[in-house]
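Trainee: Provide a 3D model corresponding to the input given below.
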Amino acid sequence: MSSKGNRIAADELATELVVQDAPRTREFVASPDVQHPTADRNVEGLSQDELDLCEVYLLDALAGRVPTMAQEPAAVRRYKAYHHRAWKYIIPCVVVLLHALALFEKPNGNLNMLAPWPVTMSIELLIFTFLAWRMYQLRMILTHQIFWHDKKNLAVIAVIILTVVDMVIFLSTHHANTYTLRYTRILRPVLLTAFAEFRQARRVVRSIRRTLPSVFNVLVLLFSTIAIFALLALSLFRNRQYLNPDGSPFMDHYFDVYWRFYVLVTSANFPDIMMPAYSHNEWYALVFIAFIGITMYVFLSILLAVIYDKYRKHLKSEVVMQIVNKRRNLRLMFDLMQRNGILRKQEWLAVVLQSRNCSVAEAQLLWDFLDSAAEGVIDLQKHLQTADILKFSLVRASSQQNAFDRLIPTIYHSTFSEQLKTAVRSTYFNWLFDLVIFANAVLIAIGEDRADAYLLPLYNLEILLKIYAFGFVAFFRGAWNRFDFAIIFLGTVIAIADAAGAQDISELDFVLVLRVLRLIRILSRHKGLKLILDTLAQLGPAILTYGTVLLTVYYCFSILGMELFGGKIYEGNRSLEGHVFNSSSPFYDDVRASNPKLQGSDFSADGYFANNFNDILAAYVTLFELMVVNQWHILTDGFVRVTSKAARLYFFSFHLSTVLVLLNIFVAFILEAFLMQLELVSGDAPDELYLQLQDLFSKQQAETVRPGERFSVKPRQKSADVIYHQLFGDEVEQTVLEIEQKTRAAATGEATNTTWYTYLERDV
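Mentor: Numbers count the residues shown, from 1 in each chain. Here you go, the predicted model:
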């Protein structure tokens with residue numbers, strides 16, 4: 001990648017991050033509430049209040065948050081209480097519980113999980129009371145102006161008020177055996193982007209929102225092209241009296257034609273849409289082929305390219321702002337702790353030990369890295385590395401003996417035992433059992449189940465030999481070893497229970513099949529495949545974040561779909577015998593007799609009655625089928641038949657928001673992550689900080705005799721800021737420096753544009 005292509009202009013970045021988002025930003029310069037620490041202190045050491053404030057600055061630096069404006073001891077304590085690590089787990093659980101109430105609310109379909117509405121509403125009221133208290137906590141650590149100018153806070157307050165009003169309306173209009181609309185359920189996902197505990201999901205939503213304006217132009221071209229081809233098809237076929245397979249006129253209404261061509265963008269109805277005309281004249285195929293070529297292969301590719309370009313730009317912007325916020329927090333921390341421009345060891349250690357869960361030896365080792373000259377003090381430039389080195393995990397060398405070495409030392413160190421341990425630790429031993437696993441997979445594929453009786457003891461022998469060779473602690477430290485042990489242990493229990501004559505144990509046989517997943521270990525030895533597997537491992541947390549955002553979109557459309565289409569399609573009485581394709585069964589007669597409007601439709605012929613919005617789970621499955629886009633036009637037609645053609649707007653909106661926008665952003669993320677991982681693995685952008693720490697620990701290990709005092713360093717998690725700093729370190733660094741210079745100029749009144757000191761929306 002050329003430096004020109006990756007150049008991040010500070011002016012352009014600040015214009016996008018600050019000027020365009022001015023309504024939701026805050027200015028530190030203009031705020032009279034900010035009381036910056038004095039540059040010099042005459043007090044020897046740090047007071048507890050100063051130590052607490054330094055801890056807050058350090059934690060904010062690690063999280064990339066905007067520096068706190070809390071300065072008074074009571075405000076700092078409230079700030080620490082608001083950001084206590086327990087909330088990281090409590091808030092998500094509360095929000096998930098709120099969304100899970102849909103499982104117990106009407107409509108409930110065949111879930112049979114309907115709870116009395118006083119129970120669900122009471123739980124909902126308790127949750128919103130808790131969230132209101134949480135907002136009060138936030139208000140107490142922010143100034144009045146900042147709190148009420150943050151749109152996230154206003155959104156949460158609006159949702160709470162509307163929900164309470166909705167409850168009052170429900171209580172005043174609800175009658176027994178009737179269903180009253182609860183319109184605020186669709187607003188619950190707003191909470192996922194409003195609280196700091198969902199910061200990563202919030203950033204994804206922010207990236208989507210910023211990408212939409214650039215996508216708009218491509219979508220306008222796409223919809224205009226559909227409109228033109230719809231007019232062309234209407235003028236070509238309306239007067240030719242061609243018929244569809246169901247006997248209806250072929251392309252005789254413009255909006256019907258437009259809808260069918262929109263579906264054709266996904267190729268879901270091809271070649272069906274073409275056949276009535278193509279069967280009369282083969283040249284008519286050119287209309288549909290040209291349309292698919294222009295829309296699906298050109299416009300959708302351009303759409304992905306635009307989304308990828310904008311996503312990449314916004315991601316770099318986020319990284320730069322995280323680094324700016326991190327350094328600003330560290331500077332404030334340094335200003336509070338420094339004496340004559342230097343930071344002393346004991347004060348640095350005190351803050352780190354109070355804010356991080358680490359031992360004195362670990363903190364001492366990290367200090368030694370910063371204080372490479374062993375002077376007992378560091379300057380600001382060294383201190384700015386504090387947040388980076390604290391993101392590494394240190395592993396203490398175990399001083400404990402192997403259990404076998406402790407219990408049977410003579411046997412464990414005998415000649416035969418040493419040879420056995422050497423053989424088990426060798427690569428050939430792993431290859432041997434990889435071959436056994438591969439053979440097991442082949443036997444499963446050809447349906448040979450009797451091999452389990454011979455292979456299971458062999459797998460147990462493998463586990464026992466590895467435990468003997470490596471010891472219990474070292475063996476269970478490996479993730480694959482824990483997976484192997486769990487699978488083989490469960491398989492052994494199942495085999496014993498089966499031999500003892502236990503009933504219904506065959507349903508757990510799938511556990512044994514999971515061991516073929518160990519084939520992934522074989523694949524990981526190939527360099528190209530290892531790159532893909534490493535990328536997938538790095539993408540895990542981010543994929544979870546995108547999955548959360550996708551599920552929230554599903555939730556909104558599910559709630560809306562249940563309100564619009566709940567109960568419109570009868571899926572049958574599952575207590576009746578038979579199934580949807582057994583024409584002589586009671587179930588078949590019941591389900592078709594109860595859906596007269598679907599008679600003769602492809603929806604009915606394909607037995608799609610279970611694809612409905614009668615409950616939240618059925619709605620999620622239906623939406624997933626729509627997202628896959630295979631047969632999605634048939635699903636849409638079914639709901640159009642039981643309601644009206646206006647129902648197409650719902651399915652059009654879902655396809656537009658998920659398939660054309662959200663999934664393309666996800667693809668852009670995968671592309672960017674893979675390309676970054678490719679450059680990292682190639683060695684073109686090594687983690688210099690990690691290599692320096694490794695070098696320090698190697699020297700420490702050579703000088704330390706006792707194992708308990710030896711440490712090794714694990715690579716830090718490759719978050720976006722770490723990866724981009726590795727790949728584009730000079731460019732990112734230059735941009736950060738330019739922004740910092742301009743913010744300082746704004747702070748001292750030397751700059752005319754004070755928006756340089758304005759920060760991105762507060763990630764409290």
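
Trainee: Name the helix or strand for the residue positioned nearest the centre of the chain, please.
Mentor: Centroid check for the chain by CA atoms, centre = their mean gives residue 545 as the closest residue, at 1.2 Å. If you go by DSSP states H and E, residue 545 is part of helix 527-565.

Trainee: Next: residue 52.
Mentor: helix 48-63.

Trainee: Quick one: mean pLDDT over the helix or strand just after that helix.
Mentor: The first helix or strand that comes after helix 48-63 along the chain, using DSSP H and E, is helix 73-82. Mean pLDDT, helix 73-82: 88.

Trainee: how about the residue nearest to the centre of the chain, what does it touch?
Mentor: Contacts for residue 545 (CB atoms under 8 Å, 6 or more residues apart in numbering) come out as 200, 201, 204. Using the backbone N, CA and C atoms, a C-beta is placed for each residue, glycine as well.

Trainee: Looking at those, which one is closest to residue 116?
Mentor: The shortest approach to residue 116 among these belongs to residue 201, at 32.2 Å (CB to CB).

Trainee: re the thing from before, so for the helix holding residue 545, what gets flagged as buried?
Mentor: Using 16 or more other CB atoms under 10 Å as the test for burial, helix 527-565 gives 531, 534-535, 538-539, 542, 545-546, 548-550, 552-563, 565.

Trainee: swap in stretch 652-668?
Mentor: So for stretch 652-668, counting by 16+ other CB under 10 Å, buried means 654-655, 657-666, 668.

Trainee: That stretch: end-to-end distance?
Mentor: In stretch 652-668, first residue to last residue: 22 Å (CA to CA, to the nearest Å).

Trainee: what is the mean pLDDT for it?
Mentor: For stretch 652-668, mean pLDDT is 90.

Trainee: Likewise for stretch 545-555?
Mentor: 89.

Trainee: What's the per-residue pLDDT of the residue nearest to residue 629 when sequence neighbours are not counted here?
Mentor: Distance criterion CB to CB, 6 or more residues apart in numbering; nearest residue to residue 629, sequence neighbours excluded, is residue 266 at 4.4 Å. pLDDT, residue 266: 92.

Trainee: Now do the phi/psi pair for residue 266.
Mentor: Backbone torsions for residue 266, taken as degrees, to the nearest 10, come to phi -90, psi 0.

Trainee: Count the residues that sit near it.
Mentor: 20 (other CB atoms under 10 Å).

Trainee: which residues does it contact?
Mentor: Contacts of residue 266 by CB under 8 Å, 6+ apart are 296, 629, 632, 655, 659.

Trainee: rewinding a little: residues near the nearest residue in space to the residue nearest to the centre of the chain that is not next to it in sequence, how many?
Mentor: Leaving aside its sequence neighbours, residue 545 sits nearest to residue 200 (CB to CB, 6+ apart; 4.4 Å). Applying other CB under 10 Å, we find 16 residues neighbouring residue 200.

Trainee: Likewise for residue 274?
Mentor: Residue 274 - counted by other CB under 10 Å - has 18 other residues nearby.

Trainee: again with residue 287
Mentor: Residue 287 has 18 neighbours, counted by other CB under 10 Å.

Trainee: ok, residues contacting the one helix or strand it maps to?
Mentor: Residue 287 is part of helix 285-294, with elements assigned from DSSP H and E. The contact list for helix 285-294, computed with CB under 8 Å, 6+ apart, reads 225, 229, 232-233, 236, 261, 264-265, 267, 270-271, 273-274, 277-278.

Trainee: on that earlier part again, which ones are touching the residue nearest to residue 545?
Mentor: Residues in contact with residue 200 (CB under 8 Å, 6+ apart) are 541, 542, 545.

Trainee: buried ones in the helix or strand where residue 137 lies?
Mentor: Secondary structure from DSSP H and E places residue 137 in helix 117-141. For helix 117-141, a neighbour-count test (16+ other CB under 10 Å) marks 117, 120, 121, 123, 124, 127, 128, 131, 134, 135, 138, 141 as buried.

Trainee: what do you get for stretch 566-580?
Mentor: For stretch 566-580, the neighbour count (16+ other CB under 10 Å) marks 566, 568, 569, 570, 571, 572, 578, 580 as buried.

Trainee: pLDDT at the closest residue to the last one other than its chain neighbours, what is it?
Mentor: Nearest residue to residue 580, sequence neighbours excluded (CB to CB, 6+ apart): residue 607, at 3.9 Å. Confidence per residue is given as pLDDT, and for residue 607 that number is 90.

Trainee: Distance check, residue 335 against residue 641.
Mentor: Using CB to CB, to the nearest Å, residue 335 is found at 69 Å from residue 641.

Trainee: Looking at those two, which is more packed in?
Mentor: Using other CB under 10 Å, the more surrounded residue of residue 335 and residue 641 is residue 641, with 21 against 17.

Trainee: Please identify the helix or strand for that one.
Mentor: Applying DSSP H and E as the criterion places residue 641 in helix 632-642.

Trainee: what's the answer for residue 575, then?
Mentor: Going by DSSP H and E, residue 575 is not in any helix or strand.

Trainee: how close does the nearest residue to residue 75 once chain neighbours are set aside sit to residue 154?
Mentor: Distance criterion CB to CB, 6+ apart; nearest residue to residue 75, sequence neighbours excluded, is residue 141 at 6.2 Å. When distance is defined by CB to CB, residue 141 is 17 Å away from residue 154.
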